Each structure stands twice: as structure tokens, then as C-alpha cells.
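> sequence-free structure coming up:
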């Protein structure tokens, strides 16, 4: 484990028990998050981005989800073999989570104040009064206007943007080392998204945190991340520093993904490049390279995972004759 | 072809024991627009600004409170459902989430055939032929007809929704966030399909979306909506290159750009959209900006004015640059 990495995930395998047998939703995923940096995980729905995050925090749906292999090291500690008690301390204490839908993350029948104060009661063992004061301070830190009043509100009283701020307050309450943000702004308008991302960036440098940002929005990635991990069908196909990934992508999937988004500069009504085919069901993969299968290309099927290695300093790539440039 | 004039849709707010009307949500509050044949008009705005309500009112899924809608010269804003039915063939709607808008218990064939049955068109054999043709038009295999909508991926389901909307050969379509539930790679497939269909059948679209780059890509003209009103309207190139209204500028600057080398200064808006139940009396966006000239706008006529040929913007001193405001007043 290298000194500069807060989190290292090495060849993680997560499987789900399904009617069609044991399926690998995450298949030998490796990446690392350096101290103080933001790493973006990008990919289409069902590519395993969220399952990777849930595996790290041991929040997989039970009993169907299981981590079958690989290693997860957080601050040098082996998280896969940590006790459940230790994991309860880590979650919410050292790793904070921001979920996509703030209405689901918050309990509708408890006041905001009680929900934020609960974090301090559980993790910091504070008295009721101290926890309440700390919670008010937290809401103020997230630039929520009139925090004393908002403490007495229920989640449905707040707008989407304000609710997401409360969820971020919950995640940041214990000043964690790592924030896992799973599509934190997908449910929000662009204007509110800009506010939230700006705020998150400021707090990150103030508190010196690392962020794992899961999103399907390449625009958000380009604006907020230092490094990017591109996932396809449960595997990492490419990972690189952000400018390198956008400037000189090496994997066919990354290239196709970057080409297919309309920008404000594409000529109107021009034909957008598309990725042919659709993502196959996990049980239906036969090719070694899963993107080759989508493109309908013929490649060897040895039922082995293609090699994933560093091709340039900091730039890692899944090696396939058809899909990767070398 | 389609012309809406001073359209308003208000929803009553009822409270108390006898559910007396105590107020109104002014979801659409005085919107006028025109849609030409073969044109795409994009409609953008934050959630709750009334863009979906406007779309639904234009296809008469909602009854407008006041104002008029003329389609090919005929007033269809206040005619009853029965008289409306034959007209409905000409306009259809594509919904955001095809998983929710398609009945899971109907096969794809019966889903696409349903409009023909409702309008009593064709024999059984003819309808079968039409469905097969429609599937081909939207890029689905003929074999899909006997399957059910839940067996398909999101993009394919949206194709079924489009086939259904096209069945009666409509002249114009309201597309309410048709690609926002889809992944980027599938999103571009559906956008290409919509552009192709427009060329082939000469369709007009009212394209509602919150993703500004998608709207710019597909639209000829774009209308920006804020709190029930259109604040700026121009052809799409102009509105993106040279926005005049402060809200349009803020909205555009907030769009994340997929290029890490571009570092732009964002205009960060404070607060949220005010409630449409109790909108500010003057300039709604001026109120959000806490603009020093807000008080002047109370009682002022803030309707759209043509600032340059084809470029309309709300005449609002809070939201325009001083020189633009001078040109208008």
C-alpha cells in the first residue's frame, strides 16, 4: 500500500445470488483514492459503480450480495476483514456517504435537527444539548439560512437543494477522511447542482477530505475530479488523471462515451455518434472483452479477464487488441 | 401552425373543513408562443417552473384556466373532450419515463395498436401491418411485437413510446424530458431518431428538457421559462451565444462542461425558485437576486419585447444589462 493513498481497492469481486446463478456485478475492480483528491467513477447504469461503493462500506443488500475476493485498504486498515463493530464506527465516522435521493436518505417523520444531532450522539457520544448545538453549527457550515429554525423542520418542508445540504451535513458531521457521493446532484436542477458542487469543493479543501464521486455526468467529472475511473459492465476499463482521460483516452469505450454527449458547440440537429448495441445482461457475457461483445466484434473467448495494467504513469487500461490503443 | 396566446393554468389550493379555495398555484401564468410546421421549440427551466404543465395544457391533457390555443386556425382551448378527440390525432406526447407510461400487462403490439383501436381505424390485418411498419420506423425488430415492455431496456422502451405517439401520424409532438432517464450512449441514439423522424415526416416538436446541451442540439428556437412565464425566446444559436436575460445567463453558466481544460466562472444563484402559490408581485427573478431596482418592477409591464429581430426578452430592468434595458424602454 502506497503512503499517499487513503483508500486502495485491489481486484475487488462482488457477486449477487440470482435466479441465473452467482453473477459478478463487480469483477476485479482496482483503483485508489489519494489523500485530499477527488476521484470520479463514471459509467452507464448497471456498470457496478454503486455496488463498488456499497462493497467498500459493507452496505450490500443481504443475503444476496457478497464480496468474493480482492482487498480494500483504508488508511492502511483491511476493511474487508474488519469486525462489524469497527465498520459501524467507520461508516458515518471516517467515511461519510451522500446518496442520490435526499428524500429517501432522510427520515420523513423526524425533525431535521434530531437526524443531524443523532450522528453526534452515536459517533461522538455527546449529550443531547451538545449534539443539538453541534448539529446547528453543521447546518450553518453548509450555508443553510436560519439554521436554528431549520432544525425544527421536517424534510418535506425543505426544497430539493436544501434537503441535499442536510444529507451532506449528515455525511460531514464527524469530519470524515473520505466522502462517498453516489450521484449527489443527479436529482437536482443545474443551478442547484452548481451550488452544491461548489459548496462540496470548498468544504473538501477546508476539511482536507478525499471524495469518491459516482456519476454518469461527464461534465460534472470534468469540473470536479482530479482522477477518473471508467467502468463498463462491472470492470474498470480505464483510469487516468482527468485531463489525460479527456485529452487522450485510450479505450474505445471511453472514447465512445466522450463522443456521444452533445455539447453546446455541436452543430444543431447533426447526427450524434452513438454506441451501437446495448449493455448485455451479466449472465450473457461470453467475450473476454465486454465492450467487444457490445460492438459485435469477434475476439478470443478464453473466459479469462483481459489484463488491466499501467500503460503510462498514472494511466491504467484494460488491454484488448480491438478496444485499446497502445 | 400552433399558437398559444396568454395561456394560464392555475391549480386551486383548497384548505379548511369545507375545502374552500384559498389560493392558486399559478403554474403557467400568461404564456404566448407559436410553433411552425417542421420546427422544434425547446423549453428549458428549473423544476417547478411550469414547463411540463405548459406542455400538457397545449395537448389539452389539462384544461387551461384562461387564454387560447389555436391549432391550424381552430380554437381548441375550450372545446369539450368529445369534440377534441378527432383533433387529438394531430398531436401526441412522449413521456419522460417509458417504464411508467407503458402498461406492463400489454404486449408491445397491443400498446402500439391501441391508438388505432381507439380511433376505430383499419381492419385487424391492416393494423398488424401498421404496427410492423412503426416498429421498423423506430428501429425495433418485428419480433419485439409479441414481447412485453418490461423485457426491454430503457432506450428500447422509449422507442416503443415513440412508436405509439407516431401511430396516428401526428403533426406535432410534445416531448417531455424524453431522454433524461437514459444513459448518454442511449440518449444520443434517441436524439438521432427524433431528428430523423422530424426530417421524414415533417413533424414539429415542443421539446421540454432541463439538459441545456440536449435542448440546444435538437431545437431551432429555445424558450426559457421561469416561474410560469417565458423570460427569453430566440433561435437556439443566439440564445446560447448572446443571452440577454440574467436568468438565461445563470442557467447557461451552471451547465457543467465535459472538458477539464475549460475553467469558467459560474454565476451561482442564491436560494431557490419562489413558490408559484405566492409569486413576488414584481420581477420574479429580480426578487431572487434581491435586485435594488426590484421595487420599480411592481406593477410594471414585464412582457416579452423584441430586442433584436427574432430575439424576445422580458422587459425587466432587474434582469437586463443597462444598455439593453435602454434599448427596450
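On my side now, so go ahead. Remember, it's a predicted structure, so these values are computed and weren't measured experimentally. Numbers count the residues shown, from 1 in each chain, chains lettered A, B, ... in the order given.
> which pLDDT does the model give residue 205?
Since you didn't name a chain, this refers to chain A. Listed pLDDT for residue A:205 reads 92.
> please refer instead to chain B.
pLDDT, residue B:205: 95.
> that one looks like it's in a strand, true?
Yes: under DSSP: H, G, I helix; E, B strand; the rest coil, residue B:205 falls within a strand.
> any idea which element residue 135 lies in?
Reading this off chain A. Element membership for residue A:135, per DSSP states H and E: helix A:128-141.
> chain B was what I was after
helix B:124-137.
> same thing with residue B:296?
helix B:294-297.
> tell me the helix or strand right after that helix.
Moving toward the C-terminus from helix B:294-297, the next element (DSSP H and E) is strand B:304-308.
> name the strands paired with that next one and say parallel or antiparallel.
strand B:311-314 (antiparallel) (DSSP bridges).
> any idea how far the strand it pairs with is from the chain center?
18 Å (Cα atoms, centre = their mean, to the nearest Å).
> thinking again about what came up before, contacts for the helix holding residue A:135?
A:112-113, A:116-121, A:124, A:126, A:147-148, A:150-151, A:165-166, A:169, A:172-173, A:203 (Cβ atoms under 8 Å, 6 or more residues apart in numbering or on different chains). For glycine as for every other residue, the C-beta is placed from the backbone atoms N, C-alpha and C.
> the helix holding residue B:135 packs against which elements?
helix B:108-118, helix B:154-166 (3 or more Cβ pairs under 8 Å, 6 or more residues apart in numbering or on different chains; DSSP states H and E).
> in it, what counts as buried?
B:127, B:130-131, B:134-135, B:137 (16 or more other Cβ atoms under 10 Å in any protein chain shown).
> just the closest of those to residue B:212, please.
residue B:137 (28.7 Å; Cβ to Cβ).
> looking at chain A, which helix or strand is least sure?
Ranking every helix and strand in chain A by mean pLDDT, DSSP states H and E puts helix A:102-105 at the bottom, with a mean of 80.
> show the pLDDT at residue A:300.
66.
> which helix or which strand is home to the residue nearest to residue A:26 when sequence neighbours are not counted?
Distances taken as Cβ to Cβ, 6 or more residues apart in numbering or on different chains put residue A:14 closest to residue A:26, at 4.0 Å, once the chain neighbours are dropped. Element membership for residue A:14 (DSSP H and E) is strand A:5-18.
> in chain A, what residue lies closest to chain B?
residue A:219 (3.1 Å; Cβ to the nearest Cβ).
> so that residue: helix, strand or coil?
What three-state DSSP gives for residue A:219 is helix.
> list the contacts for it?
Contacts of residue A:219 (Cβ under 8 Å, 6+ apart): A:261, B:255-258.
> and residue A:106, how many residues sit next to it?
Residue A:106: 22 surrounding residues under other Cβ atoms under 10 Å in any protein chain shown.
> which non-adjacent residue is nearest it?
Nearest to residue A:106 is residue A:155, by Cβ to Cβ, 6+ apart, at 4.2 Å.
> for the one you found, what are phi and psi?
phi -50, psi -40 (degrees, to the nearest 10).
> any idea of the mean pLDDT for the strand holding residue A:14?
94.
> could you point out which element follows that strand?
Where DSSP H and E defines the elements, the next helix or strand beyond strand A:5-18 is strand A:21-34.
> run the angle between that following strand and strand A:5-18 for me.
Strand A:21-34 and strand A:5-18 meet at an angle of 170 degrees, taking axes from the mean of the first three to the mean of the last three Cα atoms, to 10 degrees as the criterion.
> next secondary structure after strand A:21-34?
Next along the chain from strand A:21-34, counting by DSSP H and E, comes strand A:38-42.
> next, the angle from the helix or strand that comes right after that following strand to strand A:5-18.
Of the helices and strands lying after strand A:38-42 in sequence (DSSP H and E), the nearest is helix A:49-56. Between helix A:49-56 and strand A:5-18, the angle comes out at 110 degrees (the same axes, to 10 degrees).
> in contact with the residue nearest to residue A:26, which residues?
Contacts of residue A:14 by Cβ under 8 Å, 6+ apart are A:24-26, A:48, A:51-52, A:55, A:60, A:65-68.
> who in the stretch 51-200 of chain A is up against chain B?
A:159-162, A:189-195, A:197-198 (Cβ under 8 Å from any Cβ of the partner chain).
> which part of chain B gets nearest to chain A, residue-wise?
Closest point on chain B to chain A, by Cβ to the nearest Cβ, is residue B:256, at 3.1 Å.
> check which helix or strand the closest residue to residue A:223 other than its chain neighbours maps to.
Nearest non-adjacent residue to residue A:223, counting by Cβ to Cβ, 6+ apart: residue B:256, 4.8 Å away. Residue B:256 is part of no helix or strand, with elements assigned from DSSP H and E.
> surely residue B:181 and residue B:154 touch.
Yes: using Cβ atoms under 8 Å, residue B:181 is in contact with residue B:154, at 6.2 Å.
> quickly list what's touching both of those two.
Common neighbours of residue B:181 and residue B:154 (Cβ under 8 Å, 6+ apart) are residue B:98.
> would you list the contacts of residue A:14 in JSON lines and tack on neighbour count and pLDDT?
Shown next, in JSON lines, are the contacts of residue A:14 (neighbours: other Cβ atoms under 10 Å in any protein chain shown; pLDDT from 0 to 100):
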{"residue": "A:24", "neighbour count": "21", "pLDDT": "90"}
{"residue": "A:25", "neighbour count": "23", "pLDDT": "92"}
{"residue": "A:26", "neighbour count": "29", "pLDDT": "94"}
{"residue": "A:48", "neighbour count": "24", "pLDDT": "91"}
{"residue": "A:51", "neighbour count": "24", "pLDDT": "93"}
{"residue": "A:52", "neighbour count": "26", "pLDDT": "95"}
{"residue": "A:55", "neighbour count": "25", "pLDDT": "94"}
{"residue": "A:60", "neighbour count": "18", "pLDDT": "91"}
{"residue": "A:65", "neighbour count": "18", "pLDDT": "91"}
{"residue": "A:66", "neighbour count": "15", "pLDDT": "92"}
{"residue": "A:67", "neighbour count": "20", "pLDDT": "94"}
{"residue": "A:68", "neighbour count": "12", "pLDDT": "93"}
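> re earlier: isn't the residue nearest to residue A:223 up against residue A:220?
Yes: contact criterion Cβ under 8 Å: residue B:256 and residue A:220 qualify, at 5.0 Å.
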